[in-house]
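**Q** After the sequence you'll find the predicted model.
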Amino acid sequence: MKPAPFTRHVPKTLDEALKILAQVAPQDGRVLAGGQSLVPIMAFRMARPAHLVDINEVAGLDKLAVEDGKLVIGARVRHAAFHKRVENGPLGALLSAVVKHIAHYPIRMRGTFCGSLAHADPASEWCLAATTLDAELVAKSARGERIIAAKDFFEGIMATALKEDELLAEARLPLLPAATKFGFNEFSRRAGDFAMSSSLAVYTLKDGKITEARIGVGGAESSPRRIAEAEAAVNGKAPGEDAFRAAAKAAAKAIDPLEDHQTNAEYRRDLVRAVVRRALEASL
Ligand SMILES: Cc1cc2nc3c(=O)[nH]c(=O)nc-3n(C[C@H](O)[C@H](O)[C@H](O)COP(=O)(O)OP(=O)(O)OC[C@H]3O[C@@H](n4cnc5c(N)ncnc54)[C@H](O)[C@@H]3O)c2cc1C
């Protein structure tokens, strides 16, 4: 099928983009970033926006830089930018370890980091990373700017705190201390498919014990989130099988599992138990 008719706007500046978005948002005007999610759903006529605000030529949205202890990722930065380390510390290594799990190479060449956050698929690897790392998300509109904490940004399956006239202009990820350990794991039936469950584990070691653990789970609930019960199970413990199994068990118990044609709640809990344990093991 072909998409329903639409008008494509191609602003060159952020001010121009926000002005157009304010005008067309009430007529289901949408931002077009990499198009890797929006274009397929338009082709299936599951979305019929009358206007697209194409941000691919907006100056400045390609920013990818460290500022004030944070990695700033502009709305035009594509997944493929993270194939190489974008900064020399653990955050750069973490992002380049995670990116290869997103879709396939051609999709990573077009799809954007911020587009993934705005699309808010529960299984998105970047949504999981943003939540686990407590990213700040910068929403801009003709009305002004506001910063939304990642934990408040995701509001359910493909639902976010963004208003219809707001553009997610950039995501800011805090840099990680040099001694940070991390591990990521996801389960999908075929390489490149969306994950059926995923986990990102991040912590530091102090006197051989885990501190400041962050354990995020994606693909299992309607939005990714940090699982406090799993973090409590490893904080203050030596990294190893006992602590990792306890965290995995706590995460499996804590989630409110999504069910679909492929999975029931029990299976999803089993997947979460497996991906949390494997993410922690990958940190060693
Ligand atoms: C076959 C296939 C497999 C895939 N597998 C995965 C996978 O394993 N993991 C994964 O995470 N993703 C996967 N994707 C999705 C892909 O990563 C997309 O790139 C991503 O979800 C959306 O980014 P985009 O830049 O292409 O956004 P678009 O498709 O352009 O937009 C998606 C939605 O977000 C909105 N939007 C985009 N940018 C902004 C912004 N800056 N501000 C406000 N709203 C915005 C759009 O209006 C639209 O509603 C897959 C896609 C395909 C086709």
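**A** Received, thanks. Numbering: from 1, shown residues only.

**Q** Just the CA atoms from stretch 182-191 would do, formatted as CSV, please.
**A** What follows is stretch 182-191, C-alpha atoms only, in CSV (Å, rounded to 0.1, in the frame of the first residue of the first chain):
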residue,chain,number,x,y,z
PHE,A,182,28.1,-2.5,32.5
GLY,A,183,26.5,-5.4,30.7
PHE,A,184,23.6,-5.6,28.2
ASN,A,185,21.6,-8.6,27.1
GLU,A,186,18.5,-9.1,25.0
PHE,A,187,16.4,-12.0,23.8
SER,A,188,14.8,-12.0,20.4
ARG,A,189,13.9,-14.9,18.1
ARG,A,190,16.1,-13.7,15.2
ALA,A,191,19.0,-11.3,15.1
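
**Q** How far off centre is it?
**A** Centroid separation for stretch 182-191 versus its chain: 14 Å, with C-alpha atoms, centre = their mean, to the nearest Å.

**Q** can you pull the buried residues of that stretch?
**A** The neighbour-count check on stretch 182-191 (16 or more other C-beta atoms under 10 Å) flags 182, 183, 184, 185, 186, 187 as buried. In short, each C-beta sits where N, CA and C put it, glycine included.

**Q** How about the residues of the stretch 51-200 of the chain by the ligand?
**A** 75, 102-103, 107, 111-112, 114-116, 118-119, 121, 124-126, 162, 167-168, 194 (C-beta under 6 Å from any ligand atom).

**Q** ok, now which ones touch residue 2?
**A** Neighbour list for residue 2: residue 43 [criterion: C-beta atoms under 8 Å, 6 or more residues apart in numbering].

**Q** Would you mind finding the longest helix in the protein?
**A** Longest helix in the chain, counting residues (DSSP state H): helix 265-281.

**Q** quick one on the thing from earlier: distance to residue 4 added to the buried residues of stretch 182-191, as JSON lines?
**A** Formatted as JSON lines, the buried residues of stretch 182-191 follow (distance: C-beta to C-beta, whole Å):
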{"residue": "182", "distance to residue 4": "43"}
{"residue": "183", "distance to residue 4": "44"}
{"residue": "184", "distance to residue 4": "38"}
{"residue": "185", "distance to residue 4": "40"}
{"residue": "186", "distance to residue 4": "34"}
{"residue": "187", "distance to residue 4": "36"}
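
**Q** Which of those residues fall within helices?
**A** Going by DSSP H, the helices hold none of the buried residues of stretch 182-191.

**Q** can you redo the residues you listed as JSON lines with pLDDT and distance to residue 250?
**A** Converted to JSON lines, the buried residues of stretch 182-191 look like this (pLDDT from 0 to 100; distance: C-beta to C-beta, whole Å):
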{"residue": "182", "pLDDT": "98", "distance to residue 250": "19"}
{"residue": "183", "pLDDT": "98", "distance to residue 250": "17"}
{"residue": "184", "pLDDT": "98", "distance to residue 250": "19"}
{"residue": "185", "pLDDT": "98", "distance to residue 250": "16"}
{"residue": "186", "pLDDT": "98", "distance to residue 250": "19"}
{"residue": "187", "pLDDT": "96", "distance to residue 250": "19"}
